[in-house]
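# Kindly return the folded structure for what I paste below:
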Amino acid sequence: MASILNEYISKRFGLLDLQNELHRLLKLYNKHTSRYMFVYAADINKARNGSIDVSLVQDDFYNIQDILRESKETQIDFYIETPGGSGEAAEEIAKFLRKKFSEVNFVIAGEAKSAGTILVLSGDNIFMTETGSLGPIDAQVKIGRSVVSAHDYKEWVDSKRLEAEKNGRLNPFDAVMVAQISPGELYGVINSLEFAKDLVKEWLEQYKFKNWEKTRTLKTVVTPEFRKRRANEVADMFCDHTTWRTHGRSLKIEDLKEVLIIERIEEDKILADIVYRIKTVIRLIFDGSTVYKLFFVDDLKISKTFTVSPGGHLPLGSPFPQTQGKKQQIDAVELDIQCPKCSKRHKVNGYMELDSQQITERKLPINQNIKDNDILICDNCNFALDLKPIKNQVESQTKRKVNFK
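Numbering: from 1, shown residues only. Predicted coordinates:
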């Protein structure tokens, strides 16, 4: 891994070079495996330092569906890096992939936690490197001012209930804490926990275990009843927070080998080199720019990777004019959009909380090919690209209005 990293650093690749290299690696992966890879990756480090929300959200489903809906492929290898997020979004993505492709596999070389793990467990096969990790799938719920494990919260309430039944009362501190819990909150916690379990149980039985005919050790015939029971056991195990102690626990191949069949990528040296290079290039893209999410395929029609400038800094250090008489930082996004007809790339700048008049007054650079109603006309082939889905994505992620002209 270190040698791969040093190799790329020595090449002094810029952002566009790294993106081109990622496309090249995807083509190599597809050729080597005779399968089709899609990359969905979020910059987990940016999430940890609080600069931006990179969690798996509903808009990610819209992007994935938009990119893949016209694909002619029959199977897909879904590379995923995510800290987790919405279980409902994971469900939407899984349902789309299962309907669209006859075989859905997941490739994990980094972290695929929480809702990411839920999504991975909808696959037919799991391909993982030694650096890859899944995580517990107990839902994280907001109680008061804190975000807590749904499993831990339910266990605590249940323990207090038993304590009250045994002693006839609770100690004053616990009594005050329990009194602050509404029935709605408690049922919400239970429902969040059961939602994750139900999804995993259904998907394991229907997809991951569908070709499971005999057990590995005793060679016992696997009946539908056995398959269902095993799916329930595995789902309960992933949800059991007391087993893993922490929601952020990284579950490696060795932690999961007794409950899931996981293909070790390192067993194929050529494939391992390609996947580790993909992981390294993604890391360099994130570390060297303000990009926080990637949606990549080898023939991506519209690039939906965004450079967002938190904290008042502009993307890639590009200076934009200041308003006359006072120094003012302008928050902006920079989009790199590829025409689906002729493949020409178009740079589009978007400005946060500025209307068209303010953009004009500040003489900010805009793409002159953008017409009314956020339509970009390719100046090479005259293809019309609707920027509204991308605009909605940016606004959803940044929680701010954006205008392109």
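# What is the neighbour count of residue 158?
Using other Cβ atoms under 10 Å, the number of residues around residue 158 comes to 10. All C-beta atoms are positioned from the backbone trio N, CA, C, and that covers glycine.
# Oh, that last question was meant for residue 165, not what I typed.
Neighbour tally, residue 165, other Cβ under 10 Å: 8.
# And the helices in the stretch 151-300 of the chain, which stretches?
Using DSSP state H, counting those that start in this stretch, the helices of the stretch 151-300 of the chain run over 172-179, 183-203, 224-239, 241-244, 253-256, 269-287.
# Worst mean pLDDT among those?
Mean pLDDT is lowest for helix 241-244 out of the helices of the stretch 151-300 of the chain, coming in at a mean of 58.
# Tell me the spacing between residue 297 and residue 67.
6 Å (Cβ to Cβ, to the nearest Å).
# Return every residue with contacts to both of these two.
With contacts taken as Cβ atoms under 8 Å, 6 or more residues apart in numbering, residue 297 and residue 67 have residue 38 as neighbours in common.
# center of the chain, which residue is that?
residue 82 (4.0 Å; Cα atoms, centre = their mean).
# who are the neighbours in contact with the closest residue to it other than its chain neighbours?
Nearest residue to residue 82 in three dimensions, chain neighbours excluded: residue 116, at 4.0 Å (Cβ to Cβ, 6 or more residues apart in numbering). Residue 116 makes contacts with 56, 80, 81, 82, 83, 84, 85, 90, 134, 135, as judged by Cβ under 8 Å, 6+ apart.
# could you redo the last one with a cut-off of 6 Å?
Shown in contact with residue 116 (Cβ atoms under 6 Å, 6 or more residues apart in numbering): 80, 82, 84.
# Go through those residues and name the one nearest residue 265.
residue 80 (13.8 Å; Cβ to Cβ).
# Which elements pack onto the helix or strand harbouring the closest one?
Assigned by DSSP states H and E, residue 80 belongs to strand 75-81. With contacts defined as 3 or more Cβ pairs under 6 Å, 6 or more residues apart in numbering; DSSP states H and E, the packing partners of strand 75-81 are strand 37-42, strand 103-108.
# Make TSV out of these and add mean pLDDT, mean neighbour count and distance to residue 130.
TSV is the format used below for the helices and strands packed on strand 75-81 (pLDDT from 0 to 100; neighbours: other Cβ atoms under 10 Å; distance: least, Cβ to Cβ, whole Å):
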stretch	mean pLDDT	mean neighbour count	distance to residue 130
strand 37-42	96	25	18
strand 103-108	97	23	11
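# Make TSV out of these and add distance to residue 25.
Formatted as TSV, these follow (distance: least, Cβ to Cβ, whole Å):
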stretch	distance to residue 25
strand 37-42	9
strand 103-108	12
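# right, and those strands - which one's nearest residue 281?
Per Cβ to Cβ, nearest to residue 281 of those: strand 37-42, 9.8 Å.
# Tell me the helix or strand right after that closest one.
helix 44-48.
# List the buried residues of that next one.
44, 46, 47 (16 or more other Cβ atoms under 10 Å).
# Specify which member of those is nearest to residue 366.
Distances from residue 366 to the buried residues of helix 44-48, taken by Cβ to Cβ, are shortest for residue 46, at 26.7 Å.
# wait, what's in contact with the closest one?
Contacts of residue 46 (Cβ under 6 Å, 6+ apart): 52, 54, 292.
# Just say helix, strand or coil for the first one.
Following DSSP: H, G, I helix; E, B strand; the rest coil, residue 52 is assigned to coil.
# what's the neighbour count on it?
Neighbours of residue 52 (other Cβ under 10 Å): 20.
# from memory it sits against residue 292, does it?
Yes. Contact criterion Cβ atoms under 6 Å: residue 52 and residue 292 qualify, at 5.3 Å.
# so where's the stretch 301-405 of the chain uncertain?
301-330, 396-398 (pLDDT under 70).
# Which stretches in it count as strands?
Ranges of strands within the stretch 301-405 of the chain are 306-308, 332-338, 345-352, 370-371, 375-377, 384-386, 402-403, based on DSSP state E, counting those that start in this stretch.
# same for the second one, what does it pack against?
For strand 332-338, the contact count by 3+ Cβ pairs under 6 Å, 6+ apart identifies strand 306-308, strand 345-352 as packing neighbours.
# Let me know which of these is tucked in deepest.
Greatest average neighbour count among these goes to strand 306-308 (a mean of 22), per mean count of other Cβ atoms under 10 Å.
# of the buried residues of helix 44-48, closest to residue 381?
When the buried residues of helix 44-48 are compared against residue 381 (criterion: Cβ to Cβ), the nearest one is residue 46, at 35.3 Å.
# re the thing from before, let's have the helices of the stretch 151-300 of the chain in JSON lines, adding distance to residue 97.
Output for these, formatted as JSON lines (distance: least, Cβ to Cβ, whole Å):
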{"stretch": "helix 172-179", "distance to residue 97": "42"}
{"stretch": "helix 183-203", "distance to residue 97": "11"}
{"stretch": "helix 224-239", "distance to residue 97": "19"}
{"stretch": "helix 241-244", "distance to residue 97": "27"}
{"stretch": "helix 253-256", "distance to residue 97": "21"}
{"stretch": "helix 269-287", "distance to residue 97": "19"}
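# wait, which of those helices is closest to residue 61?
helix 183-203 (14.5 Å).
# closest one to residue 282 among the helices and strands packed on strand 75-81?
Of the helices and strands packed on strand 75-81, nearest to residue 282 by Cβ to Cβ is strand 37-42, at 5.0 Å.
# Kindly export the closest one (C-alpha atoms) in PDB.
Provided in PDB are the C-alpha atoms of strand 37-42 (Å, rounded to 0.1, in the frame of the first residue of the first chain):
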ATOM      1  CA  MET A  37     -17.500  -1.800 -11.300                       C
ATOM      2  CA  PHE A  38     -19.300   1.300  -9.900                       C
ATOM      3  CA  VAL A  39     -17.500   3.400  -7.300                       C
ATOM      4  CA  TYR A  40     -19.400   5.100  -4.600                       C
ATOM      5  CA  ALA A  41     -17.100   6.700  -2.000                       C
ATOM      6  CA  ALA A  42     -17.400   9.400   0.600                       C
END
